[in-house]
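Asks: predicted model and sequence follow; I will ask about them next.
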Amino acid sequence: MTETMNTMRGVLVSAPSSGTGKTTVMLGLLRALRDRGMAVQPFKSGPDYIDPAFHLAASGRASFNLDSWAMDSSLMQAIAAQAEGAEFCVAEGSMGLFDGVATQGQTGFGSSAETALRMGWPVVLVLDVGGQAQSAAATAMGFRDYHPDLPFAGVILNRVASPRHERLARLGMDRAGLKVLGVLPRRGDLALPERHLGLIQAVEHPDLDKAIAGYAEFLTENVDLDAILAAGAGAALPPKGALPKPPAQRIALARDAAFSFTYPHLLQGWREAGAEILPFSPLADEAPAAEADLVWLPGGYPELHAGTLAAAETFRAGLRKHAQTKPVHGECGGYMALGEALIDKDGVRHQMAGLLGLVTSYEKRKFHLGYRRAVLDAPLPGFDAGAALRGHEFHYSTILEQPDAPLAQVFDADGNPVPETGSVKGHVSGTFFHLICGEAQA
């Protein structure tokens, strides 16, 4: 085992697009390096809140999001400092390497390339070479040369059909001057299970550790791990900074298969500030702790468990009792669970907590995806009215009724208003966006 680093030495795993196998490579690489006895720090570029749980399972260390659209420089530095005690960083990009939004946010456009540049991580490009050979090099060369200042470690060729296919693909890479870091033969059993929002949650995987161990074995056999370690680079490890403050001292946090989407940097910030997090399971019909100052229902997949939630009388009674005198907040799936009813994909109506008048439907699916900027019309736990927040929305539900007062004025990444304003009624509030951070006061 090497000594822990005083730099952010590592790589960023990216690809030309989604669906090329970079998550499999990421998980296999994390576990393979961990199996060598290394302390490996994972990160996720962009607003995805599912992947970090897989990263934790693979590496044994909490993974954190880095997002140049939502986060200012000080928050990104504070999150980067979570690599303290690690020997190597591995970050996973989102979508394609250069994909982001059109309007600049806090410090950038939200692309993985921006994260790599900011942290000094060379890019490992996972390239699906199925259906092509030498031509794949033209794609890789374009990605290497599109931003000349972006450090580029090399490529991993994925879904290679035969030794002949490998030879031809390598010829193209040699001609383009691109280092081949690994060659992954085509295997149909390496895909992670998915549903309409992407990967299933880590807690739902039937045998996640076995699957990750298989990815690690596959990567160890087919990728030059020493070359990846040698390619690692990065900026100086920043000093510990301030993560977002907790919205209350004692926070009852719903945590189960229906409610699990909370950004890791928020939970870390709450803990570092001394807040007490009191987990409970609505699916197990548990009430939030009576001594909690705040009940927080994260996003997740309540539509898959709507019948169980509708029958969870102890949970709903505890929630209603808390809301009589103290705040309750829900995000996306948690917001739906606070509403009057949720209609599942089969058209069955399920009674929810009824603390808000919101009625949502999955029978009438509508895709909602993107960054959100919200200016609060009313206070939210941890924030005063008038505060500006940054977050991300991703769901397929349709609002049928939303009779309560809007919580905020909400805008997309380009500043266009969106109708999903959230709601507030008494001590209860909810949003469709998942909170990433508040904007720093000018």
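Replies: Right, received. Where do you want to start?
Asks: for the closest residue to residue 341 other than its chain neighbours, name its beta-bridge partners.
Replies: Spatially, and ignoring its direct neighbours in sequence, residue 341 is nearest to residue 359 (4.8 Å; Cβ to Cβ, 6 or more residues apart in numbering). In short, each C-beta sits where N, CA and C put it, glycine included. Partner residues in beta bridges with residue 359, using DSSP bridges, are residue 341, residue 401.
Asks: list the contacts of residue 359.
Replies: By Cβ atoms under 8 Å, 6 or more residues apart in numbering, the contact list for residue 359 reads 339-343, 399-402.
Asks: likewise residue 239?
Replies: Contacts of residue 239 were listed using Cβ under 8 Å, 6+ apart, and they are residue 81.
Asks: please redo it, this time with the cut-off set to 6 Å
Replies: By Cβ atoms under 6 Å, 6 or more residues apart in numbering, the contact set of residue 239 is empty.
Asks: just the one 10 residues further on next, same as before
Replies: When the contact criterion is Cβ under 6 Å, 6+ apart, the partners of residue 249 are 275, 293.
Asks: just to revisit the earlier point, so which of the contacts of residue 359 comes closest to residue 277?
Replies: residue 339 (24.5 Å; Cβ to Cβ).
Asks: if we can go back for a sec, quick one: buried ones out of the contacts of residue 359?
Replies: When these are checked for burial by 16 or more other Cβ atoms under 10 Å, the buried set is 339-343, 399-400, 402.
Asks: from those residues, which two are the most distant?
Replies: 343 and 402 (14.1 Å).
Asks: out of the contacts of residue 359, who's nearest residue 182?
Replies: residue 342 (44.7 Å).
Asks: okay, now residue 61: neighbour count?
Replies: 18 (other Cβ atoms under 10 Å).
Asks: got the contact list for the closest residue in space to it that isn't next to it in sequence?
Replies: The spatial neighbour of residue 61 that comes closest, neighbours along the chain excluded (Cβ to Cβ, 6+ apart), is residue 41 at 5.6 Å. Applying Cβ under 6 Å, 6+ apart, we find residue 41 in contact with 61, 83, 86, 89.
Asks: out of these, who's nearest residue 426?
Replies: So of these, ranked by how close each gets to residue 426 (Cβ to Cβ), first place is residue 61, at 40.3 Å.
Asks: which parts of the stretch 1-150 of the chain are strands?
Replies: Secondary structure of the stretch 1-150 of the chain (DSSP state E, counting those that start in this stretch): strands at 10-14, 40-45, 64-66, 88-92, 123-128.
Asks: repeat that for the stretch 301-442 of the chain.
Replies: Per DSSP E, counting those that start in this stretch, the stretch 301-442 of the chain carries strands over the ranges 328-331, 341-343, 349-351, 359-361, 368-376, 388-395, 398-401, 405-406, 408-411, 423-425, 428-431, 434-438.
Asks: state the distance from residue 329 to residue 319.
Replies: 11 Å (Cβ to Cβ, to the nearest Å).
Asks: can you give me the offset of stretch 328-345 from its chain's centre?
Replies: 20 Å (Cα atoms, centre = their mean, to the nearest Å).
Asks: for it, which outside residues touch it?
Replies: Here stretch 328-345 makes contact (Cβ under 6 Å, 6+ apart) with 259, 295-300, 302-303, 306, 349-363, 381, 395, 428-432, 434.
Asks: which of those residues are buried?
Replies: Applying 16+ other Cβ under 10 Å to the contacts of stretch 328-345 flags 259, 295-300, 302-303, 306, 349-350, 352-353, 355-356, 358-362, 381, 395, 428-432, 434 as buried.
Asks: so where's the stretch 101-250 of the chain shaky on pLDDT?
Replies: 188-206 (pLDDT under 70).
Asks: please redo it, this time with the cut-off set to 50
Replies: 195-199 (pLDDT under 50).
Asks: let me see the domain layout of this structure.
Replies: 10-231, 250-438 (automatic domain parsing).
Asks: with distance to residue 241 as new columns, can these be given to me in a markdown table?
Replies: Listed next are the domains of the chain as a markdown table, based on distance: least, Cβ to Cβ, whole Å:
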| stretch | distance to residue 241 |
| --- | --- |
| domain 10-231 | 3 |
| domain 250-438 | 10 |
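Asks: which one of the ones you listed lies closest to residue 237?
Replies: That would be domain 10-231 among the domains of the chain, by Cβ to Cβ, at 6.2 Å.
Asks: about what we covered before: in TSV: the contacts of residue 359, plus pLDDT.
Replies: Shown next, in TSV, are the contacts of residue 359 (pLDDT from 0 to 100):
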residue	pLDDT
339	98
340	98
341	98
342	97
343	96
399	94
400	95
401	96
402	97
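Asks: nearest to residue 36 among these?
Replies: For those, the nearest to residue 36 is residue 342 (46.3 Å; Cβ to Cβ).
Asks: what's the distance between that closest one and residue 403?
Replies: Using Cβ to Cβ, residue 342 is found at 16 Å from residue 403.
Asks: tell me which of the contacts of residue 41 fall in helices.
Replies: Using DSSP state H, no member of the contacts of residue 41 sits in helices.
Asks: so which of the residues you listed is the most crowded?
Replies: Of these, with other Cβ under 10 Å as the count, residue 83 tops at 27 neighbours.
Asks: name the nearest residue to residue 367, ignoring sequence neighbours.
Replies: residue 396 is the one closest to residue 367 (Cβ to Cβ, 6+ apart), at 5.8 Å.
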